[in-house]
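Q: I'd like to go over a predicted model; first the sequence, then the structure.
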Amino acid sequence: MEYQPVIGLEVHVQLNTSTKIFCGCSTEFGSQPNSQVCPVCLGLPGCLPVLNKKAFAYAVKVAMALNCRIAEYTKFDRKNYFYPDLPKNYQISQYDLPLGEDGFLNIRQNGNIKRIGIRRVHLEEDAGKLIHVSDSSLVDFNRTGIPLLEIVSCPDINSPQEAYDYLISLKQIIRYLGVSSCDMEKGILRCDANISVKRQGDSELGTKTELKNMNSFRGVREALDFEIRRQVKLLENKQRVIQETRLWDAQKHMTYSMRTKEEAQDYRYFPEPDLPPFIIDAEMQREIKKSLPELPQAKELRFIQDYQLSEYYAHLLTSDREIADFFEYCVKLYPQAKVLANWMCGSLLAELNSRNLALGELNLSPENFVDLIRLAQEGKVSNVVAKGVLRDMIDTGQTAGEIIQKKNISQISDPDALKEIIDIVIKENEKSVRDYLGGRENAIMFLVGQVMRKSKSKANPKAVLEILRSRLNK
């Protein structure tokens, strides 16, 4: 391309504390509008904020996981702006002394590692939510005051796909830390993007626009792709790109202007007078660092080394901490890592995707899952039957043994029983028999398939192949 995109992302993540950042109101999602509010989060006169210790620790934890320099001295500031869903008409945020700065996150691009800088990580309170109905708007203040973490990347991202991969990696890390569910459908994770284009080789950046209203990572990628093409077209036609905020319309697949962009001084930041500065001393940093789990990229590398898995399987298994922990528990019960990985990355993940469920929502324990795999490996049931048994286990919560016994679907390995079915298949498929005897080796696999069909997938395929070869070669 003649033009190079320059992209920076601002990600807002609600932290999953049980109470809000500066008061004791509940953060539970889905409650009746305006049922989780108090004088503090409504900004009534005479009410003072008190910082939620867990929210602060969670924020430091994320900053550490993103390799940030942790501030020993930090403070909160008032960001002044007027909006219907901001009851105080200012937001308590952090301006010049964020709790984390100068971090980075590595993403994989075409087999290589690219480092994306993290400019800052800071903590603030969320605003309320506007609900637009016909010719008016309603305000729900339940979300007001929920602890919100803002993670600002450096403008190191140069394509919509890089932005997508950065967001996926960031979400994985935050979910591994256990500090947020990152559910975009519920607004728990939100992303804004700053995008400009410049000619290849130019040192000067182009005029940026800010993109909002993107409610999925795919939406972010599509919005950036459209905006790059829009800006390039303007420049090619000798027109000017205007600094503005634009909204993404997912139905029309286009962005449109919302407002011209305010500069930082419009917010009139000043130190929050009702909160003292905070010291993040060495002891606090040590305690938080000790609580950090093994993060996705480190776990992926260990899975490759310790379990001799492919990069593909290791990446899938470590994409979610719950899945990775389930796999490692299964390996302790049945030390056949490659067999387990094959089942988890195939049949089990397929069940999760088709049901749109998390692993913890399934009626499936590691013990029962391993029992099923063991039965399949021992030839008690065929792999085809075992996949159906897995579905039944998830549906009913029963063990593999109970389902196999109830449905009478044990695998047939007895030679006499198999010979009866094989004789029938040989008689019914004389052409395939002639093809095999004439040198077409793959014809025998068709015959094996016919035996499996007649036995309703209960025949042991290895035994079938062995008996068929013996009978046909005679």
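A: Cool, got the structure. These numbers were taken from a predicted model, which means no experiment stands behind them. Numbering: from 1, shown residues only.

Q: in a strand, that's where Gly103 is, yeah?
A: Yes: the assignment for Gly103 by DSSP: H, G, I helix; E, B strand; the rest coil puts it in a strand.

Q: who touches it in this structure?
A: Applying C-beta atoms under 8 Å, 6 or more residues apart in numbering to Gly103 gives the contacts 63, 66-69, 117-118, 121. The C-beta positions use only the backbone N, C-alpha and C, and glycine is treated the same way.

Q: do the same with Glu72
A: Residues in contact with Glu72 (C-beta under 8 Å, 6+ apart) are 279-281.

Q: ok, now Leu86?
A: By C-beta under 8 Å, 6+ apart, the residues touching Leu86 are 127-128, 144.

Q: Which of the residues you listed has the largest number of neighbours?
A: Sorting the contacts of Leu86 by how many neighbours each has (other C-beta atoms under 10 Å) puts Thr144 first, at 27 neighbours.

Q: Model confidence for it, exactly?
A: For Thr144, the model assigns a pLDDT of 96.

Q: Please give me every residue in contact with the residue nearest to it when sequence neighbours are not counted.
A: Among residues not flanking Thr144 along the chain, Gly128 sits closest, at 4.4 Å (C-beta to C-beta, 6 or more residues apart in numbering). Applying C-beta under 8 Å, 6+ apart to Gly128 gives the contacts 85-87, 139-144.

Q: Distance to Arg321 and secondary structure added to the contacts of Leu86, as TSV?
A: Shown next, in TSV, are the contacts of Leu86 (distance: C-beta to C-beta, whole Å; DSSP: H, G, I helix; E, B strand; the rest coil):
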residue	distance to Arg321	secondary structure
Ala127	30	coil
Gly128	31	coil
Thr144	30	coil
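
Q: can I assume Ile409 sits in a strand?
A: No: membership of Ile409 in a strand is not supported by three-state DSSP, which gives coil.

Q: what's the distance between it and Ala324?
A: To Ala324, Ile409 is 32 Å away according to C-beta to C-beta, to the nearest Å.

Q: Please apply the same query to Gly346.
A: In this view, Gly346 and Ala324 are 17 Å apart by C-beta to C-beta.

Q: who has more neighbours, the two?
A: More crowded of Gly346 and Ala324, by other C-beta under 10 Å: Ala324, with 23 against 14.

Q: Quickly find the element holding the more buried one.
A: Secondary structure assignment for Ala324, by DSSP states H and E: helix 321-333.

Q: just to revisit the earlier point, show me which of the contacts of Glu72 are buried.
A: Among these, the ones that count as buried by 16 or more other C-beta atoms under 10 Å are Ile280.

Q: Could you export the contacts of Glu72 as CSV, including secondary structure?
A: Formatted as CSV, the contacts of Glu72 follow (three-state DSSP):
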residue, secondary structure
Ile279, strand
Ile280, coil
Asp281, coil
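
Q: and of the contacts of Glu72, the nearest to Ile394?
A: Set against Ile394, the nearest of these by C-beta to C-beta is Ile280 (44.9 Å).

Q: Hmm, Cys68 and that closest one touching each other?
A: No: with contact defined as C-beta atoms under 8 Å, Ile280 does not reach Cys68; the gap is 11.4 Å.

Q: where does the stretch 51-200 of the chain dip in pLDDT?
A: Residue ranges of the stretch 51-200 of the chain with pLDDT under 70: none are present.

Q: Which residue ranges of it form helices?
A: Per DSSP state H, counting those that start in this stretch, the stretch 51-200 of the chain carries helices over the ranges 53-65, 160-177.

Q: and the longest helix along the chain, how far from the chain's centre?
A: Looking across the chain with DSSP state H, the single longest helix is helix 217-236. On the basis of C-alpha atoms, centre = their mean, to the nearest Å, helix 217-236 sits 24 Å off its chain's mean C-alpha point.

Q: between that helix and helix 160-177, what angle do the directions make?
A: 150 degrees (axes from the mean of the first three to the mean of the last three C-alpha atoms, to 10 degrees).

Q: Packing partners of helix 217-236?
A: Applying 3 or more C-beta pairs under 8 Å, 6 or more residues apart in numbering; DSSP states H and E, one finds that helix 217-236 contacts strand 3-14, helix 160-177, strand 189-199, strand 209-214, strand 244-249, strand 254-260.

Q: List just the one of the ones you listed that sits closest to Lys338.
A: Evaluated over these, closeness to Lys338 peaks at helix 160-177, with 23.3 Å, by C-beta to C-beta.

Q: how far does the closest one sit from the chain's center?
A: Helix 160-177 sits 7 Å away from the centroid of its parent chain (C-alpha atoms, centre = their mean).
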